[in-house]
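Visitor: Kindly return the folded structure for what I paste below:
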Amino acid sequence: MSSFRCLPKVAALLVSLVALHAPLCEAQTGASSIGKPVLVAAIVPNYPPFEYKDPASDKLTGFDVDLGEALATKLGVKIEWQETSFDQMMSALGTHRVDVILSGMTDLPARRESVNFLDYITTGPQFYTLKERAGAFASMDALCGKAVGTSRRTSFPNDIANWSNQHCVKAGKPAIKVVGTDGSSDARLQLRQNRIDAAVQGGETLPYQNSVEHDAYAPIGQPFLSQYTAIGMSKDNSALNSALVNAFNQLVEDGTYQKILAKWGLQHHAVPKAMINAGT
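Guide: As a prediction, this is how the structure comes out:
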């Protein structure tokens, strides 16, 4: 009879052991799904609110950082951020120095020759100027013949030139003078120094910038293109591609994605689910 009395204790011990090892099992499953226990992500922390360094702590923060951490949790792995320059991210992915690019990169057809994109937020280039100069730009047509700055490492210089050809040159007006800058922060600096008349950056980032610079900027019209910001993934790692798509969709389904969007004021730029190479 005494051996039967021990059964509840043995059962309880087994339950405890299973509970103790469950997180380990989940982590092993996640590591197996991507082939390694650590996901290495390329990031350029100069594009708030997507990625930047907290001025107080100098730690990485932003929407992409939170999203990356949440994806890693779903995969059961750790995420390691590798800071790099924007023009080095594609080569870092191609040579497997990083596993993914998670740094506000736009899904463009020209980039898909070597990279798959998991589109995770809607975006679009936005013309803007200093608030005190907003009256001079009652419409986007007022930009014709003006100097407009934007990061030379993005697609925005070509986007501006294409818009200018369609709306300025073809209408017999002078073309926009596109000024390449060393990033969005440099464009804003040149704008404040009156070296350019207007600038372009992702429309979803302007509300954040105004929140930290006391409403210094005014949008000119609406975003003039519809695009997607995406996670860059290697074309030769289908297992990781599939695992990331599944993990992202789980974040959508359990509400984590929406909470991260709301934290950074980006809820109006949500996508309904993971999309691959959907940008135009």
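Visitor: Run through who's touching stretch 56-66.
Guide: The contact list for stretch 56-66 (CB atoms under 8 Å, 6 or more residues apart in numbering) reads 43, 45, 47-54, 81, 102-104, 121, 260-261, 263-264, 266. The C-beta positions use only the backbone N, C-alpha and C, and glycine is treated the same way.
Visitor: any idea how far it is from the chain center?
Guide: 13 Å (CA atoms, centre = their mean, to the nearest Å).
Visitor: Stretch 235-243 too?
Guide: 19 Å.
Visitor: now swap in stretch 100-112 and tell me
Guide: 9 Å.
Visitor: Same question for stretch 269-280.
Guide: Its chain's average C-alpha position is 12 Å from that of stretch 269-280, according to CA atoms, centre = their mean.
Visitor: Could you pull out the buried residues of that stretch?
Guide: By 16 or more other CB atoms under 10 Å, the buried positions in stretch 269-280 come out as 269, 271, 274, 275, 277, 279.
Visitor: Next one: the fourth one, what pLDDT does it get?
Guide: Same thing as residue 275. Residue 275 carries a pLDDT score of 96 in this model.
Visitor: where's it relative to residue 225, distance?
Guide: 17 Å (CB to CB, to the nearest Å).
Visitor: OK, contacts around the most centrally placed residue in the chain?
Guide: Geometric centre of the chain, nearest residue: residue 104, 3.0 Å, by CA atoms, centre = their mean. Contact partners of residue 104, counting by CB under 8 Å, 6+ apart, are 44, 47, 50, 51, 64, 202, 229.
Visitor: top of the residues you listed by neighbour count?
Guide: residue 64 (30 neighbours; other CB atoms under 10 Å).
Visitor: and stretch 100-116, how far from the chain's centre?
Guide: Stretch 100-116 sits 11 Å away from the centroid of its parent chain (CA atoms, centre = their mean).
Visitor: which of the residues in that stretch are buried?
Guide: Within stretch 100-116, the residues that qualify as buried by neighbour count (16+ other CB under 10 Å) are 100-108, 111-112, 115-116.
Visitor: Do a quick rundown of the strands in the stretch 151-280 of the chain.
Guide: 177-181, 198-202, 217-220, 227-234, 275-276 (DSSP state E, counting those that start in this stretch).
Visitor: then the first one to CSV, C-alphas only?
Guide: As requested, the backbone C-alpha atoms of strand 177-181 are provided in CSV (Å, rounded to 0.1, in the frame of the first residue of the first chain):
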residue,chain,number,x,y,z
LYS,A,177,17.0,70.1,-57.4
VAL,A,178,17.6,66.8,-55.5
VAL,A,179,20.3,67.1,-52.8
GLY,A,180,21.7,63.9,-51.5
THR,A,181,22.4,63.9,-47.7
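Visitor: quick one, domains of this protein?
Guide: For the chain, automatic domain parsing gives the domain ranges 11-124+228-276, 125-220.
Visitor: Could you tell me the least trusted of these?
Guide: Among the domains of the chain, domain 11-124+228-276 scores lowest, at a mean of 88.
Visitor: who's in contact with residue 159?
Guide: 125, 200, 224, 225.
Visitor: pretty sure the first one contacts residue 199?
Guide: No. Residue 125 is not in contact with residue 199 according to CB atoms under 8 Å; the separation is 10.2 Å.
Visitor: between these two, what contacts are shared?
Guide: Residues touching both residue 125 and residue 199 (CB under 8 Å, 6+ apart): residue 150.
Visitor: More neighbours: the two, which one.
Guide: Shown here are residue 125 and residue 199; by other CB under 10 Å, residue 199 has more neighbours (28 against 21).
Visitor: got a list of what that one touches?
Guide: By CB under 8 Å, 6+ apart, residue 199 lies in contact with 127, 128, 129, 148, 149, 150, 181, 184, 187, 188, 190, 191.
Visitor: what does residue 123 give?
Guide: Residue 123 sits next to 106, 202, 203, 204, 223, 227, 228, 229, 269 when contact means CB under 8 Å, 6+ apart.
Visitor: Redo those residues as JSON lines? Include distance to residue 238.
Guide: Converted to JSON lines, those look like this (distance: CB to CB, whole Å):
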{"residue": "106", "distance to residue 238": "23"}
{"residue": "202", "distance to residue 238": "30"}
{"residue": "203", "distance to residue 238": "33"}
{"residue": "204", "distance to residue 238": "30"}
{"residue": "223", "distance to residue 238": "33"}
{"residue": "227", "distance to residue 238": "25"}
{"residue": "228", "distance to residue 238": "21"}
{"residue": "229", "distance to residue 238": "22"}
{"residue": "269", "distance to residue 238": "28"}
